[in-house]
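> Take a look and give me a structure for this.
(2 chains)
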Amino acid sequence: MPLNDNHHYILSYYRTSEISGALFFGRLSKILPPGPIQVDMTKHFADEAAHAYYWTDAIQRLGREPLKLKDSYQDQYNDAIGIPTNVMEVLAITQVFERRVINAYARHERVPNLDPVVKETINRIMGDEKWHIEWIKNALKSLEPEYGKDHIDQTIKRYLLADKEIYAKTMQELEERYDDLLKGKM
Amino acid sequence: MNIKSEEIKNRIAEVLNISVERFNDETILKDLVTDSFLLVEMAIELQEDFQVRFSQEDLKQVVTIGDLIFLTKNKKSNS
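Below is the predicted model of the structure:
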């Protein structure tokens, strides 16, 4: 089934977000000191790049070309929250963001009569996303002696609040498109 | 242990891939670094190299290169 404009936009948005994620984690992987966080961050970077490829391929298999979208969801973060200043803050912001991604994909999976190509792509990505949450959780745990558990918990809480605000302010268009998809307006 | 301003300036120049002559203490950081991720990179690199810890609140006060140098030196002398 060919993609309608609505679905085309959302899949292109996923692609753009995965590319932004890959670029972000790729640059971080370059500057992190050697150790377990560097290893997992590099794998995370590779996953995001692979996901961008999966969406590019899926959009093309569904008979369209990816839309060139300017901003991704991540791009809104720095302006709203301020730049993360250390590895702990980068991981905390990423954990919040990854939860948002998993929710978006889980919601998309519930779309009635979802095209098998989209379903297969989401399933393929979801396994990686669950691992992303897990490794970041473990990495933040490993940083507790350095930053303090309370400080890390407060940082995550602060980012969760900011995330809600950013989502409410900036994602209205995407929300409307999701609603249409969930109502079966393909 | 104290750090010399020149050491910090050299490291900033390396991260930004520019010559130290391109900036001075009064240079506004955001004029020099338009890519916000480069600011993240620079903050992390300075913390790793000089074994100091910045908070987001600390960096909110930083406007110029001189502010960043002062912050790094101040954190080091208090560590």
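
> pLDDT weak spots in chain B?
For chain B, applying pLDDT under 70 flags the ranges B:1.

> Just give me the neighbour total for A:Gln172.
Neighbour count for A:Gln172, taken as other CB atoms under 10 Å in any protein chain shown: 10. Where you see a C-beta, it was placed from the backbone N, CA and C, and this is true even at glycine.

> need the contact list for it.
By CB atoms under 8 Å, 6 or more residues apart in numbering or on different chains, no residues touch A:Gln172.

> Angles on the backbone of it, please.
Note on A:Gln172: backbone dihedrals following degrees, to the nearest 10 are phi -60, psi -40.

> Backbone dihedrals for B:Glu26, both of them.
Dihedral angles for B:Glu26 - degrees, to the nearest 10 - are phi -90, psi -10.

> Which residue, neighbours along the chain excluded, lies closest to it?
Nearest residue to B:Glu26, sequence neighbours excluded (CB to CB, 6 or more residues apart in numbering or on different chains): B:Thr64, at 5.7 Å.

> Any figure for the gap between the one you found and B:Thr27?
Applying CB to CB, to the nearest Å, the value for B:Thr64 to B:Thr27 is 6 Å.

> same question, A:Ile81
For A:Ile81, the distance to B:Thr27 (CB to CB) stands at 25 Å.

> Neighbour count: those two, which is higher?
When neighbours are counted by other CB under 10 Å, A:Ile81 comes out ahead of the other of A:Ile81 and B:Thr27, with 19 against 16.

> Go ahead and confirm that one touches A:Tyr159.
Yes - with contact defined as CB atoms under 8 Å, A:Ile81 counts as touching A:Tyr159 (6.4 Å).

> Could I get the pLDDT score of the residue of chain A most remote from its centre?
For chain A, the residue at maximal distance from the C-alpha centroid (CA atoms, centre = their mean) is A:Pro145, at 27.9 Å. pLDDT recorded at A:Pro145 is 95.

> Look up which helix or strand it falls in, please.
Using DSSP states H and E, A:Pro145 maps to helix A:144-147.

> Sort out which residues of that helix are buried, please.
A:Tyr147 (16 or more other CB atoms under 10 Å in any protein chain shown).

> State the distance from the spatially closest residue to A:Arg107 that is not a sequence neighbour to A:Met171.
Excluding its sequence neighbours, the residue lying closest to A:Arg107 (CB to CB, 6+ apart) is A:Tyr178, at 6.6 Å. Separation of A:Tyr178 from A:Met171 (CB to CB) stands at 9 Å.

> Fine by me, thanks again.
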